[in-house]
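[1] Below are the sequence and a predicted model; questions follow.
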Amino acid sequence: MITYAALSPHPPLLIPEIGGDRIKDVAESVAGMRQMARELANSCPETVVFITPHGNVFADAISALADSRLQGDFSNYSNHNQGAVCKNDRELLKEIAMRASSAAISMVLLDRDTARHNQLNPRLDHGILVPWYYLKEAGMSDVNIVPVSMAFLSRLELYRFGTIIRDAADALGRRVAIVASGDMSHRLRDEGPYDYHPDGKRFDAKVKTCLEQADVAAFLNISEEMCSNAGECGYRSLVIMLGALDGRGFTPKIFSYEGPFGVGYLVAGFLPQGERKSLLEELQKKKKEEISQSRDNESIPVQWARMTLENYTRYGEIPSLPKKMEKLCQQQAGVFVSLKKNGQLRGCIGTTESVYGDLAQEIARNAVSAGGSDPRFPPVEAAELDDIIYSVDVLGEAEPCSRGDLDPEKYGVIVSQGRRRGLLLPDLEGVDTVEEQIYIALNKAGINPSEDYQIERFKVTRYK
């Protein structure tokens, strides 16, 4: 069972031996951390599950350290003396991983050898070490932990993962506390880590109000734009933590909030009490409705790309072209099919000119390749199909041009030198200048900017 849940900030300066004289500037947070740690300790957990945004964070999978003995210190902050050696509750971790797999939520368990082989971190990070310092101070040094890194999955998947932690604890009869590690906005002031943005204060106030009122639905509805503008690092950890409390009533307590260095530090605790209506079923229903609405509004090229990849992923073959789409057979052009999942690229493959015959075949073949042959990603699995958003770019004829003729919003670009060739589509997020567009295309082609190369431009018709 979940005995307690908490939100903990994690700046290393909260550790007196690291913060030094600056500790007085975060006195409210220090006091709040001590209160939170005492209440968590009083709930008598056998294991503490930490959710950190500073471990091995992936776009498409939750990860966790899997060694039986876990270590970490603050050597990155010039302090080798303050650290921790913890015991990993591997039985609980394996139960969580098994249930995540059954729910089609990707989870990676990293032991020391696997982490080092893949240039990942096998040690506990400061997102865990800072709250652990105060838990040890509260007398919990012998408690097992499970170190989990959040992921850039959808909010529904993260929330569902939280319910999996709860269910795994219940299945093992384990008393478990969960700590969501995360700071609030990093954009409260210009002298903070990032420049000031008015959504920073708005985000922190909204999160604080939602938690004070135990309004989980309102918290989950905070816009992606506000989260991004705020420059936060604790939202996804909190989504998982609140998922672990799904179906339970809880009494929230805000211990402290301050933002002395342009970063918001919020300390809160949540004591589970009684039952409340589960949000999970409602969230899943809402997602199905959104998918249905999206499918109803698809253009014909996008609908055909989706039908093709779904059928090929499930049955290994390209379906027959529906009669209503036969007009795709009347055109020839190069096509790029792009896949996104949870706002992140999931695959993109295309042809610069017609290779497979008509447009229907061009879309079908590139959809299959984007889902299964993009070397940057593993093949798309059937469990992912409902989460994938498609776009289809039909390329116009390329024409020679100079740099001055380019516009990254209006034209795509092709650079070539001999047999080396690099293409970049137009109107891509984060590509705002001709220089950026050319640089990326050259890099894709393996062409040194100092070499002589040719430039072509083209327009696209983009179907979403």
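    Ah, there it is.

[2] for residue 108, helix, strand, or coil?
    Assigned state for residue 108: strand (three-state reduction, DSSP: H, G, I helix; E, B strand; the rest coil).

[3] I figured it hits residue 62, correct?
    Yes - checked against CB atoms under 8 Å, the pair residue 108 and residue 62 is within contact range at 7.3 Å. Quick note: C-beta positions are derived from backbone N, CA and C, even for glycine.

[4] More neighbours: which of these two?
    Legend: neighbour count by other CB atoms under 10 Å for residue 108 and residue 62, higher for residue 62 (28 against 19).

[5] Need the pLDDT of that one.
    The model reports residue 62 with a pLDDT of 97.

[6] Please give the element, helix or strand, for residue 128.
    Per DSSP states H and E, residue 128 falls inside helix 126-137.

[7] Which strands and helices lie in contact with that helix?
    Contact analysis of helix 126-137 by 3 or more CB pairs under 8 Å, 6 or more residues apart in numbering; DSSP states H and E lists strand 2-8, helix 27-42, strand 47-52, strand 69-74, strand 79-87, strand 144-149, strand 176-181 as its packing neighbours.

[8] Which one, of these, ends up nearest to residue 438?
    Residue 438 lies closest to strand 144-149 among the helices and strands packed on helix 126-137, at 35.8 Å (CB to CB).

[9] next structured bit after the closest one?
    Later in the chain than strand 144-149, the nearest helix or strand by DSSP H and E is helix 155-172.

[10] got the buried residues for the helix holding residue 128?
    For helix 126-137, burial by neighbour count (16 or more other CB atoms under 10 Å) applies to 126-136.

[11] picking up where we left off before, can you redo the helices and strands packed on helix 126-137 as TSV with mean pLDDT?
    Output for the helices and strands packed on helix 126-137, formatted as TSV (pLDDT from 0 to 100):
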stretch	mean pLDDT
strand 2-8	98
helix 27-42	98
strand 47-52	98
strand 69-74	91
strand 79-87	77
strand 144-149	98
strand 176-181	98
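
[12] With mean neighbour count added, can I get the ones you listed in JSON lines?
    Output for the helices and strands packed on helix 126-137, formatted as JSON lines (neighbours: other CB atoms under 10 Å):
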{"stretch": "strand 2-8", "mean neighbour count": "26"}
{"stretch": "helix 27-42", "mean neighbour count": "20"}
{"stretch": "strand 47-52", "mean neighbour count": "28"}
{"stretch": "strand 69-74", "mean neighbour count": "17"}
{"stretch": "strand 79-87", "mean neighbour count": "15"}
{"stretch": "strand 144-149", "mean neighbour count": "26"}
{"stretch": "strand 176-181", "mean neighbour count": "28"}
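
[13] Make TSV from those and add distance to residue 412 to it.
    TSV is the format used below for the helices and strands packed on helix 126-137 (distance: least, CB to CB, whole Å):
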stretch	distance to residue 412
strand 2-8	45
helix 27-42	49
strand 47-52	40
strand 69-74	46
strand 79-87	50
strand 144-149	36
strand 176-181	42
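
[14] Which one, of those, ends up nearest to residue 398?
    Of all the helices and strands packed on helix 126-137, it is strand 144-149 that lies closest to residue 398, at 43.2 Å by CB to CB.

[15] Check which helices and strands the closest one sits against.
    Partner elements for strand 144-149 (3+ CB pairs under 8 Å, 6+ apart): strand 47-52, strand 62-65, strand 79-87, helix 90-102, helix 126-137.

[16] quick one, helices of the stretch 301-450 of the chain?
    Applying DSSP state H, counting those that start in this stretch to the stretch 301-450 of the chain gives helices spanning 359-372, 434-445.

[17] could you say what helices and strands the shortest one packs with?
    By that I understand helix 434-445. Applying 3+ CB pairs under 8 Å, 6+ apart, we find helix 434-445 packed against strand 412-417, strand 420-424.

[18] beta partners for residue 454?
    According to DSSP bridges, the partner residues bridging residue 454 are residue 416.

[19] so what pLDDT did it get?
    pLDDT for residue 454: 95.

[20] What number of residues are in the vicinity of it?
    Count around residue 454 with other CB under 10 Å applied: 12.

[21] wait, it sits on residue 413?
    No - Residue 454 is beyond contact range of residue 413, at 10.8 Å (criterion: CB under 8 Å).

[22] what separates the residue nearest to the spatial centre of the chain from residue 27, distance-wise?
    Nearest to the geometric centre of the chain sits residue 152, at 0.7 Å (CA atoms, centre = their mean). Applying CB to CB, to the nearest Å, the value for residue 152 to residue 27 is 34 Å.

[23] In this structure residue 185 contacts residue 232, no?
    Yes - between residue 185 and residue 232 a contact is recorded at 5.4 Å, counting by CB under 8 Å.

[24] Looking at those two, which has the bigger crowd around it?
    More crowded of residue 185 and residue 232, by other CB under 10 Å: residue 185, with 31 against 27.

[25] contacting residues around the residue located most distally from the centre of the chain?
    In the chain, counting by CA atoms, centre = their mean, residue 330 sits farthest out from the average C-alpha position, at 40.8 Å. Shown in contact with residue 330 (CB atoms under 8 Å, 6 or more residues apart in numbering): 358-359.

[26] For residue 395, see how far away it is.
    The spacing between residue 330 and residue 395, counted by CB to CB, is 17 Å.

[27] do residue 416 as well
    In terms of CB to CB, residue 416 sits 15 Å off from residue 395.

[28] Which of the two has more residues huddled nearby?
    Taking neighbours as other CB under 10 Å, residue 416 and residue 395 compare with residue 395 leading, 23 against 17.
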